[in-house]
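> predicted model follows, preceded by the sequence.
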Amino acid sequence: MDTNIDKVFSILNNIKGYEKISTENSNLKRLGGMTNIVHLVETENINLIVRIPGKGTEDYINRTFEYNNAMAAWRAGISAEIIWADVERGIMVSKAINAIETMTPNLFSTRKGSPARAGLALAKLHNSGETFDFRFDLFNMIDEYLKILSSKNAELPDGYHEIVDAAKPVKEALIANPNPLAPCHCDPLCENFLDDGNNMWIVDWEYSGMNDPMWDLGDLSVEAGMDENQENEMLIAYFGKEPTAAQKGRVIIYKAMCDLLWTLWGLIQHADKNPAEDFWAYSIERFERCKRLMQNTDFKKNIQAIGNN
């Protein structure tokens, strides 16, 4: 038997009430995951998700924060219930959400109403009144990721530091015009959104924290490759009306800034030899997209707009 499959059943058999789950009475399916090992375990009475952390994730993920925030997201009514976790080892077992589609960029463009449902789910999270552990601070995280990469003697794309310098007006504008912090997902990959046709559910809280809620909207727009119409559908559902120029400006700024940050995340995966995909190509693609948006003549207008709340 595959070593990871052995681990899945060993984990479940040590949880009260799940001691008898085995290959004979369940179906096991490996799910996607860029850094972790994730399995769906289907039984007659319950379906479970077992997440085993990937190698090296301990360098940049706080599992206690993740668990606490995942529980808060469940209380907010937008995420799966965690039934067991070992924060020391980073293992988590949750109830599977049934009858859903795991979203992809293609599904966000073809599944009617999905951008709006995502916007409503994010609004429910951001307005939940929950307080997440961890402060997701963009520029502090860039500094931290650069330190990790330095310790690994990793190569940066040509011009990365120059683009960080070019982002100083963004940092200054955000400091001068702070948005109230809210509990945010902070890593809204399409695959972290599960759609049942009526509601959108959100999973995977590894990077979650208190943040400017516009980050989640801008980042999801990037991850889903939303066109202008899809993005507007998401934003109108989120705000309940057309966004202001200041709100739209923040979203556009964060579309560039999320690429600036996740470029470094990809380089960490590349340095750790994560086999999930070509992370050097992933990082270069994100970095080039960031540069294109920042070099667009309207980008400065969006920075100025956030001061006009």
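Sure thing, it's come through. Residues are numbered from 1 along each chain as shown.

> in the stretch 51-200 of the chain, which spans are helices?
63-75, 105-110, 114-126, 138-151, 160-166, 168-176 (DSSP state H, counting those that start in this stretch).

> who does the longest one touch, helix- and strand-wise?
Pointing back at helix 138-151 there. With contacts taken as 3 or more C-beta pairs under 8 Å, 6 or more residues apart in numbering; DSSP states H and E, helix 138-151 sits against helix 245-271. In short, each C-beta sits where N, CA and C put it, glycine included.

> right, and the helix or strand after the helix it packs on?
helix 279-295 (DSSP states H and E).

> excluding its backbone neighbours, what's nearest the residue nearest the centre of the chain?
By C-alpha atoms, centre = their mean, the chain has its centre lying nearest to D187, at 1.5 Å. Nearest non-adjacent residue to D187, counting by C-beta to C-beta, 6 or more residues apart in numbering: Y207, 4.0 Å away.

> which ones are touching the residue nearest to the centre of the chain?
D204, E206, Y207, S208, D219 (C-beta atoms under 8 Å, 6 or more residues apart in numbering).

> okay, how far is it across stretch 203-214, tip to tip?
18 Å (C-alpha to C-alpha, to the nearest Å).

> burial check on A166, number of neighbours?
Counted with other C-beta atoms under 10 Å, residues neighbouring A166 total 16.

> what about the residue lying closest to Y60 once chain neighbours are set aside, distance to G56?
Nearest residue to Y60 in three dimensions, chain neighbours excluded: I148, at 6.5 Å (C-beta to C-beta, 6+ apart). The spacing between I148 and G56, counted by C-beta to C-beta, to the nearest Å, is 10 Å.

> which stretches of the stretch 201-309 of the chain have low pLDDT?
309 (pLDDT under 70).

> do that again at 90, thanks
Along the stretch 201-309 of the chain, segments meeting pLDDT under 90 span 276, 307-309.

> ok, now the stretch 51-200 of the chain?
54-60.

> one more pass at 80, please.
The model of the stretch 51-200 of the chain has no residue with pLDDT under 80.

> before we move on, back to that, quickly list what's touching both of I148 and G56.
What both I148 and G56 touch, as defined by C-beta under 8 Å, 6+ apart, is the set I268.

> need the contact list for the residue lying farthest from the centre of the chain.
Each residue of the chain has a distance to the centre, and by C-alpha atoms, centre = their mean the biggest one is for E24: 34.8 Å. Applying C-beta under 8 Å, 6+ apart, we find E24 in contact with no residue.

> secondary structure element for it?
E24 is part of no helix or strand, with elements assigned from DSSP H and E.

> how about it, phi and psi?
phi -80, psi -30 (degrees, to the nearest 10).

> partners of S94 in the sheet?
S94 forms beta bridges with I49, I82, as assigned by DSSP bridges.

> and it, how far from C290?
S94 is 33 Å from C290, by C-beta to C-beta.

> pick out whichever of these two has more residues nearby.
C290 (24 against 19).

> what's the local residue count around the residue nearest to that one when sequence neighbours are not counted?
Nearest non-adjacent residue to C290, counting by C-beta to C-beta, 6+ apart: D259, 3.7 Å away. The burial count assigned to D259 is 24, neighbours taken as other C-beta under 10 Å.

> residue contacts, D259?
Under the criterion of C-beta under 8 Å, 6+ apart, the neighbours of D259 are V222, R286, F287, R289, C290, L293.

> do you know how far it is from I253?
For D259, the distance to I253 - C-beta to C-beta - is 11 Å.

> same check on L31?
33 Å.

> the more surrounded of the two?
Per other C-beta under 10 Å, whichever of L31 and I253 has more neighbours is I253, with 26 against 15.

> pretty sure the more buried one contacts A305?
No - with contact defined as C-beta atoms under 8 Å, I253 does not count as touching A305 (9.0 Å).

> circling back to that earlier point, out of the helices of the stretch 51-200 of the chain, which is closest to G240?
For those, the distance to G240 is smallest for helix 114-126, at 8.1 Å, taking C-beta to C-beta.

> just the pLDDT at D2, thanks.
Per-residue confidence (pLDDT) for D2: 64.

> which of the contacts of D187 has the most neighbours?
These, ranked by neighbours (other C-beta under 10 Å): first place S208, 27 neighbours.

> leaving out the residues flanking it, which one is nearest to it?
S208 sits nearest to N69 (C-beta to C-beta, 6+ apart), 4.3 Å away.

> pretty sure the one you found contacts D133?
Yes - with contact defined as C-beta under 8 Å, N69 and D133 form a contacting pair (5.9 Å).

> neighbour count winner among these two?
The residue with more neighbours, out of N69 and D133, is N69; 27 against 16, by other C-beta under 10 Å.

> run a quick neighbour tally on P105.
P105, neighbours per other C-beta under 10 Å, totals 14.

> kindly report the same for the one 5 residues further on.
Around T110 sit 9 other residues, with neighbours defined as other C-beta under 10 Å.

> nice, that's everything, thank you.
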